[in-house]
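Engineer: Attaching a predicted model along with its sequence, questions to come.
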Amino acid sequence: MELDERESIESGSHGHLSQLASVGQIAAGIAHEVRNPLTAVKGFLQLLQQEAQHEYIDIAQSELENALTTLNDLLQ
């Protein structure tokens, strides 16, 4: 393999890794912005549940946990 070809391949690999790093940073930023309101909702649901037990609150908490788990899995 010639030197020019090798440099071209290495340059392409570096560019691809840079793009992947950028995508990771964007995903982390989006996850952070989504997690904040979900965490607020989780806190309010816990407060509501202290006042009165209701099946819908349990369902909402379960679905919220699923969403947070999915968000964490995305970051992995």
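Structural biologist: Alright, I've got the coordinates.
Engineer: And the lowest mean pLDDT element among the helices and strands of the protein?
Structural biologist: Taking mean pLDDT, DSSP states H and E as the measure, the helix or strand of the chain with the lowest value is helix 3-51, at a mean of 84.
Engineer: can you state the direction angle for the helix or strand just after it and helix 3-51?
Structural biologist: Moving toward the C-terminus from helix 3-51, the next helix or strand (DSSP states H and E) is helix 55-75. Between helix 55-75 and helix 3-51, the angle comes out at 160 degrees (axes from the mean of the first three to the mean of the last three C-alpha atoms, to 10 degrees).
Engineer: Buried residues in helix 55-75, which are they?
Structural biologist: Buried positions in helix 55-75, judged by neighbour count with 16 or more other C-beta atoms under 10 Å: 60-61, 68, 71. To be clear about C-beta, it is placed using only N, CA and C from the backbone, and glycine gets the same treatment.
Engineer: gap between the least confident helix or strand of the chain and the chain center?
Structural biologist: Remark: helix 3-51 is offset 6 Å from the chain centroid, using C-alpha atoms, centre = their mean, to the nearest Å.
Engineer: Now do it: which elements does it pack against?
Structural biologist: Packing partners of helix 3-51 (3 or more C-beta pairs under 8 Å, 6 or more residues apart in numbering; DSSP states H and E): helix 55-75.
Engineer: List just the nearest of the buried residues of helix 55-75 to Ala40.
Structural biologist: Nearest to Ala40 out of the buried residues of helix 55-75 is Leu68 (C-beta to C-beta; 12.1 Å).
Engineer: Please tell me how far that closest one sits from Ser13.
Structural biologist: In this view, Leu68 and Ser13 are 35 Å apart by C-beta to C-beta, to the nearest Å.
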